[in-house]
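Colleague: would you be able to build a 3D model of this:
(2 chains)
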Amino acid sequence: MKLEYTEVHWIEEQSAYSLRELAEAARLPEQELHELVELGVLQPLTPPSAVADPAAEPRFAAQCLVTIRTVRRLREDLELDTHGVSVALALLERIEGLERQLRRLSAQLPALPED
Amino acid sequence: MKYTDYYAVLGVPRDAPEEDIKKAYRRLARQYHPDVSKDPEGERKFKEVAEAWATLRDPEKRAAYDQLGVHRAGEEFQPPPGWGSRHGDAGRGGGGPSFEDIDLSDLFADLARGRAAGAGQGGGGSRPIRGEDYEVSAQISLEDAFAGALVELDLAIPEYGADGRMLRRSRSFKARIPKGATDGQRLRLPGKGGKGWNGGPDGDLYLHITLRPHPLFRADGHDLYFDLPVAPWEAALGASVEVPTLAGPVKLRVPPGAHAGRRLRLAGRGLPTPRGGAGDLYAIVQVAMPTVLDAREKELFEQLAAASHFDPRSHFGSTGRSS
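Modeller: Below is the predicted model of the structure:
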């Protein structure tokens, strides 16, 4: 067993991906990602309405890779279709938001005295 | 190789029809899937359930599994001679197969791969395939998040040997967690996932960072909070007190009239951020009361009570007055 050192990348700091690059990294057909974009599961960094050049390829944050990994898990493990996945993801996002809020509040609250 | 009873994992009899197996899988997946369940054991349990389902859902794999016979769960066993060759395991190199360093699940994944390669006649079999991505959790201390840390990761990742056989190889490597990681952050270790096939690139390893609870500080993103107990006279008169930070103690001025719950900010003394900044550290004032008063203290408090016009309950109206 050898010990090797390895480089680590921040997901947030990586450059943006095109849809084709995302599809390659996630090993999903580009067509399926198009569907996820249409359903609003994947959102480009710049909303289409704010893009000056209509021919410009939309770019996606590296964080989308994490979303796509979740999409794959939900679809493969729970046999959800794309619409089901998009609903499940919306609910998961709400739960994550609530948990973040809960963490924030409990960090700010003084610890309860032990009586 | 250790035997796993896939029927027992799904809680169905060995002769259960496909429909019942599917129902059992769906019920357990809903219960344990890591995206759905908060069960700390959920991930491990789901893995077992998914492994059982992957084999029993496929009539060919199920038949191959049934041929292994009935063993006790966890019992060491060897597949019967010639097992696998009847199930599309074509074109394997010679030499006695070794089943020692693989899991039962690897055996069945291998079987499916052999079948796909045999059916594809080299067409689908030689296409470069990117290695699998893996995700692991690493819990680090606040001190590590503050200063950066070297964590050692041990993984057992399935790989294919030179003869095309699958084996589970233990890999151990050190990853430097840079300063600025915080709870829930994901880091990507390129090329540290599963090996690619046919010249395809290796997969990536995703590292999911969680923070170990700290006895003093509570983290919210890159901001940190801690409770600052002060004596009633310190709260009333103000005080300069020594407080802990991750970089060592500093002096903090508590302003006069600090009420309980007030947050005093120590700018830039939280966790560093990846971009070179830092979060803030907040001291939350708590007015602490001595549990036992000596005679002199009691006398002074009584004098204060007699002299003071302070009414903390004025907003109650007349009902809240102390009589």
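Colleague: pull the helix or strand with minimum mean pLDDT from chain A.
Modeller: strand A:3-6 (a mean of 58; mean pLDDT, DSSP states H and E).
Colleague: and B:Val136, what does it touch?
Modeller: B:Leu153, B:Leu155, B:Leu205, B:Tyr206, B:Leu207, B:His208 (Cβ atoms under 8 Å, 6 or more residues apart in numbering or on different chains). (C-beta placed from N, C-alpha, C; glycine too.)
Colleague: need the pLDDT of the most centrally placed residue in chain B.
Modeller: The centre of chain B sits closest to B:Ser137, judged by Cα atoms, centre = their mean, with a distance of 4.0 Å. Reported pLDDT at B:Ser137 in the predicted model: 81.
Colleague: any idea how far the helix or strand encompassing A:Gly97 is from the middle of the chain?
Modeller: A:Gly97 belongs to helix A:82-108 when assigned by DSSP states H and E. From the chain centre to the centre of helix A:82-108 is a distance of 12 Å (Cα atoms, centre = their mean, to the nearest Å).
Colleague: what about that helix, near chain B?
Modeller: Yes - applying Cβ under 8 Å from any Cβ of the partner chain, one finds helix A:82-108 touching chain B at A:Ala88, A:Leu92, A:Arg103, A:Arg104, A:Ser106, A:Ala107, A:Gln108.
Colleague: would you list those residues in JSON lines and tack on pLDDT and neighbour count?
Modeller: As requested, the residues of helix A:82-108 next to chain B are exported to JSON lines (pLDDT from 0 to 100; neighbours: other Cβ atoms under 10 Å in any protein chain shown):
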{"residue": "A:Ala88", "pLDDT": "92", "neighbour count": "18"}
{"residue": "A:Leu92", "pLDDT": "91", "neighbour count": "15"}
{"residue": "A:Arg103", "pLDDT": "86", "neighbour count": "16"}
{"residue": "A:Arg104", "pLDDT": "86", "neighbour count": "16"}
{"residue": "A:Ser106", "pLDDT": "87", "neighbour count": "12"}
{"residue": "A:Ala107", "pLDDT": "86", "neighbour count": "18"}
{"residue": "A:Gln108", "pLDDT": "84", "neighbour count": "15"}
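Colleague: redo those residues as TSV? Include distance to A:Arg20.
Modeller: Below are the residues of helix A:82-108 next to chain B laid out as TSV (distance: Cβ to Cβ, whole Å):
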residue	distance to A:Arg20
A:Ala88	26
A:Leu92	26
A:Arg103	36
A:Arg104	37
A:Ser106	42
A:Ala107	41
A:Gln108	43
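Colleague: tell me which of those residues is nearest to A:Arg59?
Modeller: Closest approach to A:Arg59 among the residues of helix A:82-108 next to chain B (Cβ to Cβ): A:Leu92, at 24.0 Å.
Colleague: that older thread, selection in ChimeraX covering whichever of the contacts of B:Val136 are buried, please.
Modeller: Buried residues among the contacts of B:Val136 (16 or more other Cβ atoms under 10 Å in any protein chain shown), as a ChimeraX selection:
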select /B:153,205,206,207
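Colleague: the contacts of B:Val136: which ones sit near chain A?
Modeller: Restricting those to those touching chain A (Cβ under 8 Å from any Cβ) yields B:Tyr206, B:Leu207.
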